[in-house]
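Enquirer: here is the input, now give the coordinates:
(one chain, ligands or ions: 1)
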Amino acid sequence: MKIFLDTANLDSIRKYNDMGLVDGVTTNPTLLSKEKGNPAEIMREIVKIITGPVSLEVVSTDYNGMMEEAHRLKKYGKNVVVKIPMIPEGLKAVKKLKEEGIQTNVTLVFSANQAVLAAKAGAAYVSPFIGRLDDAGQNGMTLIEEIVKIFKNYNFKTEVLVASVRHPMHVVEAGKIGAHVVTLPPDILGKMTSHPLTDKGLAAFLADWEKVKKENPKLSI
Ligand code: E4P
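Expert: Numbers count the residues shown, from 1 in each chain. Next up is the predicted model:
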């Protein structure tokens, strides 16, 4: 299972990348709006830090505008994946970008039908937003199950990128279903690194080691 970081925060990206946990990054205009500084410079910096795929989103909604922005974003680095909204004009852009050898991530996917269409248009990734579906009273994980099954049935190469993840159990469920990628806000990745029994166990080991050292202060490992 690949783990992407869902953020435009450079400190978080560096922190988790240094732990070897970041296979890629996804951003969007909302995430960029939360950071201080020029969004274009932030995006360029992310692309420099991360060697894996970095999804950068277009803000136009017409075909020509999306294509122009896609070409500009792609110049930020070879690992840029252009994020395109799941709208008819977007699918046209996905098809053309695929022909040009530019990978796309179709975002704001809320149904299996949308995922199938995005895959058929040539998307490298589809991003179903599970947390937002849960918020609306639908089961987001059921959508992941459906998409993974359909893509398997027809051997689609498009990867299912689980987005709008809200808690660590979403990650476990997505993994059990066999989704290719989860994109995580940094705080969720942080929660996944810790367990109270790990902290308790480590405190006990260190306390016992201190006892041993009291008897033999010169002892080291
Ligand atoms: C995915 O690429 C999106 O950036 C993200 O997962 C959206 O999540 P949200 O519903 O928490 O905004």
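Enquirer: kindly report the residues of the chain close to the ligand.
Expert: Residues of the chain lying close to the ligand by C-beta under 6 Å from any ligand atom are Asp6, Thr26, Asn28, Thr107, Ser127, Phe129, Gly131, Arg132, Ala163, Ser164, Thr183. All C-beta spots, glycine's among them, are computed from the backbone N, C-alpha and C.
Enquirer: mind checking which helix or strand the most centrally placed residue in the chain is in?
Expert: Nearest to the mean C-alpha position of the chain, by C-alpha atoms, centre = their mean, lies Thr183 at 2.4 Å. Per DSSP states H and E: Thr183 is located in strand 181-184.
Enquirer: and the next helix or strand after that strand, what's buried?
Expert: Under the assignment DSSP H and E, the closest C-terminal helix or strand after strand 181-184 is helix 186-193. Counting neighbours by 16 or more other C-beta atoms under 10 Å, one finds that the buried residues in helix 186-193 are Pro186, Ile188, Leu189.
Enquirer: possible to save the residues you listed as CSV with distance to Lys120 and pLDDT?
Expert: Shown next, in CSV, are the buried residues of helix 186-193 (distance: C-beta to C-beta, whole Å; pLDDT from 0 to 100):
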residue, distance to Lys120, pLDDT
Pro186, 33, 98
Ile188, 31, 98
Leu189, 32, 98
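Enquirer: now, which of those sits nearest the ligand?
Expert: Among the buried residues of helix 186-193, Ile188 lies closest to the ligand (C-beta to the nearest ligand atom), at 10.0 Å.
Enquirer: Pro168 is in contact with the closest one, correct?
Expert: Yes: between Ile188 and Pro168 there is a contact at 6.1 Å, judged by C-beta atoms under 8 Å.
Enquirer: end to end, how far does stretch 122-140 reach?
Expert: For stretch 122-140, the first-to-last residue distance is 23 Å (C-alpha to C-alpha, to the nearest Å).
Enquirer: go on, stretch 169-188?
Expert: By C-alpha to C-alpha, the extent of stretch 169-188 from end to end equals 10 Å.
Enquirer: okay then, goodbye and thanks.
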